[in-house]
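>>> Mind folding the following:
(chains A and B, ligands or ions: 2)
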Amino acid sequence: MSKHNLIEIKNLHASVEDIEILKGINLEVGVGEVHAIMGPNGSGKSTLANVIAGRPGYSVTEGEIIYEGDNILAKEPEIRARAGIFLAFQYPVELPGVRTWQFLKAAVDAIRKENGDEEMGVRDFDKLLEEKRQLVEMDPDLVKRSVNEGFSGGEKKRNEILQLALLDPKLALLDETDSGLDIDALRIVSEGVNNFKGPQKSVLLVTHYQRILDYISPDYVHVLVDGKIVKSGGAELALELEQKGYEWIRESTGTEVQT
Amino acid sequence: MVTNASEVDHYASDFKQLQALNDNNWVSPIRSHAMETFAGIGLPTTRKGNEKWKYTNVAPIARIPFALSSSSNTSIDVIKSVAPWSDSWTNVVFVNGFYRKDLSDQSDEFELTNLAELIEERIPVENLGSLTDISDDGFAALNTSFLQDGIVLKVGKGKTVEFPINVVFFSDGSPSTVAHPRIFVKAGRGSSVSVIENYVGGGGDYSLTNSVSEILVEEDAVVNHYRFLSESEHTYDVGYGRVKLSDNSVFNSRSFFKGANIGRYDLNVLIDGEYASCDLQGLYFTSGDQHMDNFINIDHAKPYGTSNLFYKGILDGKSRAVFGGTVLVRKPAQKTDSVQSDKNLILSADAEVDSKPALFIYADDVKCAHGATAGNVDADTLFYMRSRGIDLETASRLLIYGFAGEVIDKVEIPELRDFLEEAFLTSLPSYKFEF
Ligand SMILES: Nc1ncnc2c1ncn2[C@@H]1O[C@H](COP(=O)(O)OP(=O)(O)OP(=O)(O)O)[C@@H](O)[C@H]1O
Ligand SMILES: [Mg+2]
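Ligands and ions are numbered 1, 2, ... in the order given. Coordinates of the predicted model:
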């Protein structure tokens, strides 16, 4: 049975200001799969997620990103988003004065427009937003405030998951969405991701901790070190890493691990 | 001090004519004294080393021999199309500086008279001019030399005026004319009132509006003051506002600038009572080759005062904005709490802002903070929005509106807020990042 891939990353090299950060990444994520990416600080995990989402400022010097059969490297970030790629930011951005409601409605409408649908009616949108807000147990007052402005770290992460639920993409790139969460918030965020998961959805989850993987069991775990995936395995790899640390990777793969 | 003689000559014959109209009147000596003062100091261009006018060149204004404007029969519809308006408000209309009784509302809730009538009836206005130092400001001296019309509003003790008093100074844009409106407000002890001052124009070239407002806020009184300036791109507007706060009083100011070729707003709030507070906010949007200078000063002279200064600017085209002014905390003003900030969003590479808020503290037990920022829209911010499928144009519109909205949203009069939203949001560019 041949696997149906949602995204294929082939020999991806990316640099920032002439410094190479990704040094030949190869990764395939099949439809319905959950992949976890782990690796030491500064190894390039966020860079990978950002390059997939189309963040300006990185230059891809080699390789391809094939999403649903097309190379998306030349596409603007909003085009990628409308095609179903969603990035939950490691550091969500504050938008002073931009109301959360307005922002989310603009995002939902942009995606609907792409699919040839009309803008969503205000009442329908209110209903949808309220449903998703309850799902992530977000304080109703936060939705009335400016996007992420004055939100706590955990509230910002929940807001990312709220957006994931609302926009319902095909590929969720979750960049340390579990970092800085208390136990309850971790459960809520994990449930949000599990809710999203399904046979038609794929997840690429960047994390430093096993604890989120207890909730969201990954099909594959990859270890990224110095811009390369140095080891891949099943869910058990994360456990092994947690016990043995990155030093073990260095020894077992012969890679230099910089910390 | 050297004064350009021709600058004074421009005004001499009009001055003589005006004085002849009101012989032996209470205003005559006030005007004469002001004209003598003006002859001595002239307009700020002629003064050297003047920090107050460092970034604003008024030479274009000094050059023009403005004639005194005259009233015109502008219709109410024209005025309603450019100024905020609600039938529930008390609306007062001036055209080219002259009161239009036929277009204005009366009220017996408070004392509201036009200055021309008080001059005509020979009723002097107590305290008029008491907050204005004409020797320090050529424009204020000029305004006082031509004291002729404007409003005098007195709100009695303990009176809460429910609906705003909306004063519209409309100029029909007759070329090279000048109006010198005068506003005097006294909010009696424990009273509360909202006043909207509008300077709006219907186009036309090189006219000048040179206003002076004095606002006395007595003990426990609250004054909410709004100022909306939207004149044609060729007009000049210079505003001079002086406010004095007594014990426990509150002054809230919201200033909105959208148009004039050269605009200047010099606002000075003197905290002359204990536990008094002021909250001064402003939004200016400059485009083309407009120039706007906000010179906003707060003078804490008594203890336990609080002040908040929050101005925001959006700059486009080749426009220039200036934000100056100081928060002065005098020695007796212990326990003062003051915050000062000016933020600018710059949309074009040719626009420029000089933002120099300053803080002078002579008391030792105070809490003060200040800051100024100027920047373009940050790439991370745009990427965040785009990563949600939002196109650049919508993203930038949301950000620019959001930036402006932070000031507009706080306007507490719903009709006025709607008006300002419309006035600003329709003129702000939606996609304009040249960076
Ligand atoms: N815009 C940038 N400008 C300069 N350097 C950058 C930029 N983005 C990433 N880098 C550098 O690239 C390297 C990889 O960064 P990246 O954020 O991808 O790491 P990470 O694996 O996500 O780390 P962490 O676990 O700390 O989040 C780091 O050395 C970082 O400093
Ligand atoms: Mg990272």
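>>> for the helix or strand containing B:Tyr265, packing partners?
B:Tyr265 belongs to strand B:262-271 when assigned by DSSP states H and E. Counting contacts by 3 or more CB pairs under 8 Å, 6 or more residues apart in numbering or on different chains; DSSP states H and E, strand B:262-271 packs against strand B:222-230, strand B:236-245, strand B:250-259, strand B:277-286, strand B:291-300. C-beta here means a position set from N, CA and C on the backbone, and glycine is covered the same way.
>>> ok, and does the fourth one reach over to chain A?
No. Using CB under 8 Å from any CB of the partner chain, strand B:277-286 stays clear of chain A, with a minimum separation of 11.3 Å.
>>> what are the pairing partners of that strand, and which direction each?
strand B:250-259 (parallel), strand B:306-315 (parallel) (DSSP bridges).
>>> May I see the buried residues of it?
Within strand B:277-286, the residues scored as buried using 16 or more other CB atoms under 10 Å in any protein chain shown are B:277-286.
>>> a markdown table for these, including pLDDT?
What follows is these, written out as a markdown table (pLDDT from 0 to 100):
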| residue | pLDDT |
| --- | --- |
| B:Ser277 | 98 |
| B:Cys278 | 98 |
| B:Asp279 | 98 |
| B:Leu280 | 97 |
| B:Gln281 | 97 |
| B:Gly282 | 97 |
| B:Leu283 | 97 |
| B:Tyr284 | 96 |
| B:Phe285 | 95 |
| B:Thr286 | 95 |
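>>> just to revisit the earlier point, reformat the helices and strands packed on strand B:262-271 as a markdown table; add distance to B:Glu352.
Converted to a markdown table, those look like this (distance: least, CB to CB, whole Å):
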| stretch | distance to B:Glu352 |
| --- | --- |
| strand B:222-230 | 20 |
| strand B:236-245 | 20 |
| strand B:250-259 | 16 |
| strand B:277-286 | 10 |
| strand B:291-300 | 10 |
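>>> what bridges to the spatially most central residue of chain A?
Centroid-nearest residue in chain A: A:Leu173, 1.7 Å away (criterion: CA atoms, centre = their mean). Note on A:Leu173: beta-bridge partners by DSSP bridges are A:Leu87, A:Leu204.
>>> What of A:Val29?
Beta-bridge partners of A:Val29, as defined by DSSP bridges: A:Ile7.
>>> Now do it: how many residues are near it, please.
A:Val29: 23 surrounding residues under other CB atoms under 10 Å in any protein chain shown.
>>> for B:Lys186, what are its contacts?
Residues in contact with B:Lys186 (CB atoms under 8 Å, 6 or more residues apart in numbering or on different chains) are B:127, B:153-155, B:215-216, B:218.
>>> before we move on, back to that, sheet partners, orientation included, of the strand holding B:Tyr265?
Looking at strand B:262-271 with DSSP bridges, its partner strands are strand B:236-245 (parallel), strand B:291-300 (parallel).
>>> what about the longest helix seen in chain A, average pLDDT?
Secondary structure assigned by DSSP state H gives helix A:236-253 as the longest helix of chain A. For helix A:236-253, mean pLDDT is 85.
>>> right, is that helix up against ligand 1?
No. Against ligand 1, helix A:236-253 shows no contacts by CB under 6 Å from any ligand atom, the least distance being 11.5 Å.
>>> Restrict that helix to CA atoms and write it as PDB.
Only the C-alpha atoms of helix A:236-253 are listed here, as PDB (Å, rounded to 0.1, in the frame of the first residue of the first chain):
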ATOM      1  CA  GLU A 236       9.400   5.100  22.100                       C
ATOM      2  CA  LEU A 237      12.200   7.300  20.800                       C
ATOM      3  CA  ALA A 238      10.900  10.300  22.700                       C
ATOM      4  CA  LEU A 239      10.900   8.200  25.900                       C
ATOM      5  CA  GLU A 240      14.300   7.000  25.300                       C
ATOM      6  CA  LEU A 241      15.500  10.600  24.600                       C
ATOM      7  CA  GLU A 242      14.000  11.800  27.800                       C
ATOM      8  CA  GLN A 243      15.900   9.100  29.800                       C
ATOM      9  CA  LYS A 244      19.200   9.300  28.000                       C
ATOM     10  CA  GLY A 245      19.400  13.000  26.800                       C
ATOM     11  CA  TYR A 246      20.900  14.300  23.600                       C
ATOM     12  CA  GLU A 247      24.400  13.100  24.600                       C
ATOM     13  CA  TRP A 248      23.100   9.600  23.800                       C
ATOM     14  CA  ILE A 249      22.100  10.800  20.300                       C
ATOM     15  CA  ARG A 250      25.600  12.100  19.800                       C
ATOM     16  CA  GLU A 251      27.100   8.800  20.700                       C
ATOM     17  CA  SER A 252      24.700   6.600  18.800                       C
ATOM     18  CA  THR A 253      24.700   8.700  15.600                       C
END
